[in-house]
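[1] this one's sequence-less:
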């Protein structure tokens, strides 16, 4: 692992995206988002995803010319076709448009269909909350997890985001439906470790915390067993219904990488039009203080609100550089340089 | 356990509520909702709650005269003060108002503060979906669960509801934040059983599936560990922010029974104004068929979508009577009769 300064990482990613054919403006935007996600400690959907994104572009699975086009407008609700454009750009446009709609109506809802992987869901929650808005957003995905009671993958690990603005640090939940991601299983396996809690079923149907057999069976555990399963199902349905898009069962037929063709929803509310930012801060501070001042459990070190850890990591890595796997960094540098694959 | 016909149960509950001082119209409405919840198999928030509701009325914790009053209106968003009125009536009014707002704007949001226990959250999801609307609703509650890493109760077991209309059976998620409710722990303990999965921590901090020690420690487990904890925190914050109401830390100070003074949110969207009911059915049927046709796990009997089990129970109990604990039924009959406590 190395620590790379924010600006250096952003420049390398931008160069890689330029070489992949993206225009300067779009490459700069995507590089910033990938770097911000990494800076928050989410390399899995930050810098680590850059090579895969470039690969998708080369295969034609992501269209660099795809821009969101308005399919239907209904006052505070708008439906867009993402035209398989870069998922980050589509999702940023949707978030920003939902904020504009909320300026006019108090609430704005943008539903986006036929888009591509939005990388870190939290990006869009932080973006809205940083500007004083409440946000609820989610995406569906291809199936990668069995529904509760089943053994073959039928539901997506749909990320769900809720964000509340707070001057001392936004409250941002960024939660996928599985107890652990495949990325976390892989990391543990490579270190020869078990997961802290049961993480899925092996191919014989035994609940286990051993990552390897779960990666092989693809029977990762929904968070809360039947609860995460049910939540994934209804998020999937609603994303497709609101966007006039497709659900996991149809995404599975596309077979062009993760999330290609997926459906997303962005709800934004402006709480300044209701109780005001002072009241929002007062409520949020009350919740945060209550949680943070919990009596610690026997092996607990601190009790955090959602988003607290990301903010802490961000502040640390802004000053000390962003930790990145050496192999990933070398790969991004190769993509960025003249000697990289073209 | 006995099986009581729907109409007989509804009449008994209505009589009990009339004797508690409710007017005929309100008693009839609340009796219907309590009976419907029981018919769907959710006695814990149906008939079993009637004696406690009557007790709250007698203590003055629920105001029979409390009606929701408009505090603020902003196009598709309205904020109401629930004035500590009966939680069912307030939440029904909020749901219905959100549907009316959605008729005008495509989306309607009603935030409700200072209300009382809404009983079964699913009631409001089913109500909206039965009329063709999408709904997302939640409530905050008093604390009854430690946040992840803590040992004292600091977060609520906030129920969260998402509903999508579907002609062949609505998709309705009705999910609280804990892995198991205290009611489920009690039921298992009385039968001398363990929970199927770890359910909380004993007073020494050991994860256990044994209900008694968890009931004693009040250290029930959030669904998905840190995930359910984070979700509870952000739902709590947002309910209070949007309703200009109070969060769990303030509800804890009221000390007038479960949920008294709580904050609720009701989002409703009319999908008929977007893609139409045919498309909504097509998407929903696709999701349901995909999930229902999963390959079964080793000990799986069937794979269900959220709401499927409730609908099946409803259809069965409408024909065969509603199963109810004999002690609870006797208590409701006593409250309903002239000989009951007054």
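    Received, thanks. All figures in this text were calculated on a predicted structure; none of them were measured in a lab. Numbering: from 1, shown residues only, chains lettered A, B, ... in the order given.
[2] CA only for contacts and neighbour counts going forward, please
    OK.
[3] For the stretch 1-150 of chain A, which segments count as strands?
    Secondary structure of the stretch 1-150 of chain A (DSSP state E, counting those that start in this stretch): strands at A:2-4, A:69-74, A:77-81, A:107-115, A:134-139, A:143-146.
[4] Would the fourth one count as contacting chain B?
    Yes: among the residues of strand A:107-115, residue A:107 lie within reach of chain B under CA under 8 Å from any CA of the partner chain.
[5] and that strand, what does it pack onto?
    Under the contact criterion of 3 or more CA pairs under 8 Å, 6 or more residues apart in numbering or on different chains; DSSP states H and E, strand A:107-115 touches strand A:77-81, helix A:87-105, helix A:226-243, strand A:262-269.
[6] The third one - contacts with which helices or strands?
    For helix A:226-243, the packing partners by 3+ CA pairs under 8 Å, 6+ apart come out as strand A:77-81, strand A:107-115, strand A:134-139, strand A:153-156, strand A:262-269, strand B:160-164, strand B:171-175, helix B:277-292.
[7] One more: the shortest one?
    Under the contact criterion of 3+ CA pairs under 8 Å, 6+ apart, the helices and strands touching strand A:77-81 comprise strand A:69-74, strand A:107-115, helix A:226-243.
[8] starting at the chain centroid, how far to the last one?
    Right, the one you point to is helix A:226-243. In terms of CA atoms, centre = their mean, to the nearest Å, the centre of helix A:226-243 is set 16 Å apart from its chain centre.
[9] In CSV, list the helices and strands packed on helix A:226-243 along with distance to residue B:246, mean neighbour count and mean pLDDT.
    Below are the helices and strands packed on helix A:226-243 laid out as CSV (distance: least, CA to CA, whole Å; neighbours: other CA atoms under 10 Å in any protein chain shown; pLDDT from 0 to 100):
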stretch, distance to residue B:246, mean neighbour count, mean pLDDT
strand A:77-81, 29, 24, 98
strand A:107-115, 21, 30, 98
strand A:134-139, 17, 28, 98
strand A:153-156, 35, 26, 98
strand A:262-269, 19, 30, 98
strand B:160-164, 17, 27, 98
strand B:171-175, 21, 27, 98
helix B:277-292, 36, 20, 98
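[10] Between these, which one is closest to residue A:244.
    The closest of these to residue A:244 is strand A:107-115. By CA to CA, the value is 6.8 Å.
[11] and the angle for the closest one with strand A:262-269?
    Interaxial angle of strand A:107-115 relative to strand A:262-269 (axes from the mean of the first three to the mean of the last three CA atoms, to 10 degrees): 170 degrees.
[12] Tell me what angle strand A:107-115 forms with strand A:77-81.
    Using the same axes, to 10 degrees: strand A:107-115 against strand A:77-81 is 20 degrees.
[13] Report the angle between strand A:107-115 and strand B:69-74.
    Put simply, strand A:107-115 runs at 60 degrees to strand B:69-74, going by the same axes, to 10 degrees.
[14] picking up where we left off before, deepest-packed of the helices and strands packed on strand A:107-115, please.
    When you average the neighbours per residue for each of the helices and strands packed on strand A:107-115 (mean count of other CA atoms under 10 Å in any protein chain shown), strand A:262-269 leads with a mean of 30.
[15] Now do it: distance to the chain's middle.
    With CA atoms, centre = their mean, you get 13 Å for strand A:262-269.
[16] try stretch A:44-60
    14 Å.
[17] For residue A:194, which three-state class applies?
    coil (DSSP: H, G, I helix; E, B strand; the rest coil).
[18] Surely it and residue A:210 touch.
    Yes: between residue A:194 and residue A:210 there is a contact under CA atoms under 8 Å: 4.9 Å.
[19] out of these two, which sits in the more crowded spot?
    When residue A:194 and residue A:210 are compared for neighbours, residue A:210 comes out ahead with 22 against 16, by other CA atoms under 10 Å in any protein chain shown.
[20] Next one: the more buried one from residue A:182, what distance?
    Distance of residue A:210 to residue A:182, given as CA to CA, to the nearest Å: 12 Å.
[21] try residue A:209
    Residue A:209 is 13 Å from residue A:182, where distance means CA to CA.
[22] try residue A:206
    Per CA to CA, residue A:206 is found 18 Å from residue A:182.
[23] higher neighbour count, those two?
    Neighbours were counted for residue A:206 and for residue A:182 using other CA under 10 Å; residue A:182 has more, 17 against 12.
[24] What is the burial count for the residue nearest to the more buried one when sequence neighbours are not counted?
    Leaving aside its sequence neighbours, residue A:182 sits nearest to residue A:215 (CA to CA, 6 or more residues apart in numbering or on different chains; 6.9 Å). Neighbours of residue A:215 under the rule other CA under 10 Å: 20.
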